[in-house]
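> Generate coordinates for the sequence data below:
(2 chains)
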Amino acid sequence: IAGITQAPTSQILAAGRRMTLRCTQDMRHNAMYWYRQDLGLGLRLIHYSNTAGTTGKGEVPDGYSVSRANTDDFPLTLASAVPSQTSVYFCASSVDRGDEQFFGPGTRLTVL
Amino acid sequence: GEDVEQSLFLSVREGDSSVINCTYTDSSSTYLYWYKQEPGAGLQLLTYIFSNMDMKQDQRLTVLLNKKDKHLSLRIADTQTGDSAIYFCAESFHRYSTLTFGKGTMLLVSP
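Predicted coordinates:
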C-alpha cells in the first residue's frame, strides 16, 4: 500500500451496534487524525494522536474512542452507534503535528 | 472561539477566474490553508500562507491575505472543469495546533 487507506469504504449500521473504522498509513508519519464531515458543518476533528502511544481529544470526541498501538494504525471506535454519527469520516496523517496533513479516501457511515 | 466562514457555492465558466473568499475570527491565526476536495475523495492541501505575508502565488493559484479584515481569498486563474471541487479554508494558531476548517465552498466550472 502507498499512502493512507481507510476501511470500510461505506457501512450501514444499526443504532446501538459497535463499529470500528480502520485507518492505516505506510508513510511512517508520527501524527494521525480523525475528522467527520457533515453537510453545512465542514470538517470537525474528533481525535488525534501526535505519536504512537498517545492520543488527544478534538472538537467532537463524545461517543468515539481511538487507540494508537503502533505508528501505522489509528482505529476509531463507536462503542454504541447513534443516528447522529451518520457522517463521512476522514483519517489523516502528517509527519509531525502541524505539518501538511494527507487525507484518506473516507468512510461513509450511516447509522439507522 | 475560532470560526472560519466561507460562501457555500460558486459557479464560473471555463477560462474565467474564480475567487473563493474566507473570513476568520481569530486574529492570532498564524497559518492559513486552502484544501481541495474532489468528489468522493479526501482533502488535498493546495497552498498555505503565513500571517506575515500578504500574497502568495503558485502557478494558477493566488492567495491574498488581509490580516486587518481577517479575510483570505483564493484566486484560480483560467479555471478549468477539473477545478470543480469543494475548497476548504482552514486556520491554525501556531504550527502545532489543530486546524479549524470552514464549511467549504463548492466550485462548479461549466464548459
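> for chain B, what are the nearby residues on chain A?
A:40-45, A:48, A:58-59, A:90, A:92, A:97-98, A:100-101, A:103-106 (Cβ under 8 Å from any Cβ of the partner chain). In short, each C-beta sits where N, CA and C put it, glycine included.
> again, only this time at 6 Å
Contact residues, chain A versus chain B (Cβ under 6 Å from any Cβ of the partner chain): A:42, A:43, A:45, A:90, A:97, A:98, A:100, A:103, A:104, A:105, A:106.
> what's the distance between the last one and residue B:26?
When you say that, I think you mean residue A:106. Residue A:106 sits 27 Å away from residue B:26, going by Cβ to Cβ, to the nearest Å.
> ditto for the fifth one
Between residue A:97 and residue B:26 the distance is 18 Å, computed by Cβ to Cβ.
> And the first one, by the same measure?
When Cβ to Cβ is the yardstick, residue A:42 and residue B:26 sit 16 Å from each other.
> Which one's more surrounded, the two?
residue A:42 (20 against 15; other Cβ atoms under 10 Å in any protein chain shown).
> so what's the nearest residue to the more buried one once chain neighbours are set aside scoring on pLDDT?
Closest residue to residue A:42 apart from its sequence neighbours, by Cβ to Cβ, 6 or more residues apart in numbering or on different chains: residue B:103 at 3.9 Å. With respect to pLDDT, residue B:103 scores 91.
> Wait, residue B:103 touches residue A:39, no?
No - using Cβ atoms under 6 Å, residue B:103 is not in contact with residue A:39, being 8.8 Å away.
> For the two, indicate the residue with more neighbours.
residue B:103 (19 against 10).
> May I have the secondary structure class of the more buried one?
Under DSSP: H, G, I helix; E, B strand; the rest coil, the three-state class of residue B:103 is coil.
> How about chain A: which residue is closest to chain B?
Closest contact between chain A and chain B, by Cβ to the nearest Cβ, is at residue A:103 (3.0 Å).
> Enumerate every residue touching residue 60.
Reading this off chain A. Counting by Cβ atoms under 6 Å, 6 or more residues apart in numbering or on different chains, residue A:60 makes contact with A:44, A:46.
> hmm, I had chain B in mind actually
B:76, B:77.
> can you give me the strands in the chain?
Reading this off chain A. Taking DSSP state E, the strands of chain A run over residues A:4-7, A:10-13, A:19-25, A:31-38, A:42-49, A:56-57, A:64-66, A:76-78, A:87-94, A:102-103, A:107-111.
> I was thinking of chain B, sorry if that wasn't clear
Ranges of strands within chain B are B:4-6, B:9-13, B:18-24, B:31-37, B:43-50, B:55-58, B:61-66, B:71-76, B:85-92, B:100-101, B:105-110, based on DSSP E.
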